[in-house]
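> Fold the following, please.
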Amino acid sequence: MTEWKNGIAKITLPTPFPVGDVNVFLIKGERLTLVDVGVKTEGSWNSLKEQMAELHLHPDDIEQVILTHHHPDHAGGLDFFPASVEVYGHQLNERWINPTEAFFQEQEAFFRLYFKEFGLPEEYFPFLSKLRNTLKYSCNRSLTGHLSEGMKPLGLNDWEVIETPGHAQSQIALFREKDGVLIGGDLILAHISPNPLLEPPAPGETERPKPQLQHNDSMKKLLAYPIQYVYTGHGEEVYELEALIGKRLTRQHERAMTVKNWLQKEELTVFKICQRLFPTVYQRELMLTISETVAQLDYLSSIGEISSNNKQPVLYNLQGNLKIE
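Prediction:
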């Protein structure tokens, strides 16, 4: 039964993705606000209407939507809402929720360049022309306005925006200090560690983002806030936040040390490391597993453990043991 708790109603919607259901949240404020909207499927939309009906509401009653980030399971359902509903989120949502042909081409060029650097065999390159299909459950909708660090959304004066990039460059969280509630998107989940997904550089920038380092920093950033519990994008609420952040950081470090041990014995490309880390799923979930592999190498590089050469494809090795050929 959907119900209000301290002015928040949690609604769980189905998705077609391996992650399973997604959580969206109604907030009673000066404006009735929906945080995230689910995926663009009839099943998700019908479920939203049914659960809102339990609160004696209908989607037409929603005055604004706030996106925690742009991924289709959080933003795709925007296409079901009338144009009169205002949509707010980080400005980096825009290119994903309202994609242009130029952006699709930019995305393909970005990954083509890095597929070569990562050492992927030619047989994987046809996948690049299908990248746009990953947004088939997303939307074509533009933001009404942007939210950034420290802002208070319209009609939600008790809530503050915290920028939390990593899982997505566009990700934000909403914090209510009076009772320590955080609506965290996919920053911290009770049952799994979110993927630090690779994305092209932000408009006007040229350097590749390093999402694992961002994600780690975003989790640590939460420790400065008096958070009592977290409403998460998937699964149950998180109550022991500090302990879970410690667990996530430790587990990620351990995975990176596994990669370091391999590099003590031989130089390896990103692709070869990916095959070792994810032997049974790397072909089926190429972008997720490549992103996770690069995450460990970015981390190892950030703490001075490894180096790389400038050849194509790039070979990684331990710092100080660079082979000159």
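> Enumerate every residue touching the closest residue in space to Leu244 that isn't next to it in sequence.
Once its chain neighbours are removed from consideration, Leu244 has its nearest residue in Val238; the separation is 5.8 Å (Cβ to Cβ, 6 or more residues apart in numbering). (Glycine included, C-beta is placed from N, CA and C.) Under the criterion of Cβ atoms under 8 Å, 6 or more residues apart in numbering, the contact list for Val238 reads 184, 188-190, 229-230, 232, 244.
> Narrow these to those that are buried.
184, 188-189, 230, 232, 244 (16 or more other Cβ atoms under 10 Å).
> Could you tell me which of those residues are located in strands?
Taking DSSP state E, the ones among the buried ones among the contacts of Val238 that sit in strands are Val230.
> now the buried ones among the contacts of Val238 as CSV including pLDDT and distance to Ser302?
Compiled in CSV, those are given as follows (pLDDT from 0 to 100; distance: Cβ to Cβ, whole Å):
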residue, pLDDT, distance to Ser302
Gly184, 98, 24
Ile188, 98, 21
Leu189, 98, 23
Val230, 98, 26
Thr232, 98, 26
Leu244, 98, 22
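> Out of the buried ones among the contacts of Val238, which comes closest to Leu143?
Set against Leu143, the nearest of the buried ones among the contacts of Val238 by Cβ to Cβ is Gly184 (20.3 Å).
> Test my guess that the closest one contacts His69.
No. In terms of Cβ atoms under 8 Å, Gly184 does not count as a neighbour of His69; the distance is 10.5 Å.
> Any stretches of the stretch 51-200 of the chain with poor pLDDT?
Per-residue confidence of the stretch 51-200 of the chain (counting by pLDDT under 70) places no residue in a weak region.
> And the strands in it, which stretches?
Per DSSP state E, counting those that start in this stretch, the stretch 51-200 of the chain has strands spanning 64-66, 86-89, 145-146, 159-163, 172-176, 181-183. These are given in chain order.
> buried set for the fifth one?
Of the residues in strand 172-176, 172-176 count as buried by neighbour count, 16+ other Cβ under 10 Å.
> Where do the domain boundaries of the protein fall?
Using automatic domain parsing, the domains assigned to the chain come out as 4-95+138-239, 101-133, 255-318.
> Please work out which of those domains is packed deepest.
Comparing those on average neighbours per residue, with mean count of other Cβ atoms under 10 Å, the densest one is domain 4-95+138-239 at a mean of 19.
> just the helices in the stretch 201-325 of the chain please.
With DSSP state H, counting those that start in this stretch as the criterion, the stretch 201-325 of the chain has helices at 211-222, 241-263, 270-277, 286-302.
> what sits up against the second one?
Meaning helix 241-263. The list of residues contacting helix 241-263 from outside it, by Cβ under 8 Å, 6+ apart, reads 188, 190, 193, 212, 216, 219-220, 222-223, 227, 229-230, 238, 268, 273, 276-277, 293, 295-297, 299-300, 305-306, 316-318.
> could you redo the last one with a cut-off of 7 Å?
Residues from elsewhere that reach helix 241-263 (Cβ atoms under 7 Å, 6 or more residues apart in numbering): 188, 193, 216, 219, 222-223, 227, 230, 238, 268, 273, 276, 296-297, 299-300, 305-306, 316-318.
> For the domains of the chain, give me TSV that also has distance to Arg248.
TSV is the format used below for the domains of the chain (distance: least, Cβ to Cβ, whole Å):
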stretch	distance to Arg248
domain 4-95+138-239	5
domain 101-133	25
domain 255-318	11
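> got the CA positions of stretch 300-312 in CSV?
Extracted as CSV, the C-alpha positions of stretch 300-312 are listed here (Å, rounded to 0.1, in the frame of the first residue of the first chain):
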residue,chain,number,x,y,z
LEU,A,300,45.0,2.6,-9.3
SER,A,301,46.5,5.4,-11.3
SER,A,302,45.1,8.0,-8.9
ILE,A,303,47.0,6.4,-5.9
GLY,A,304,50.2,6.0,-7.9
GLU,A,305,50.2,2.3,-8.3
ILE,A,306,50.2,1.9,-12.1
SER,A,307,51.4,3.5,-15.2
SER,A,308,50.6,3.1,-18.9
ASN,A,309,52.4,3.5,-22.2
ASN,A,310,51.3,5.6,-25.2
LYS,A,311,50.8,2.9,-27.7
GLN,A,312,47.6,1.8,-29.2
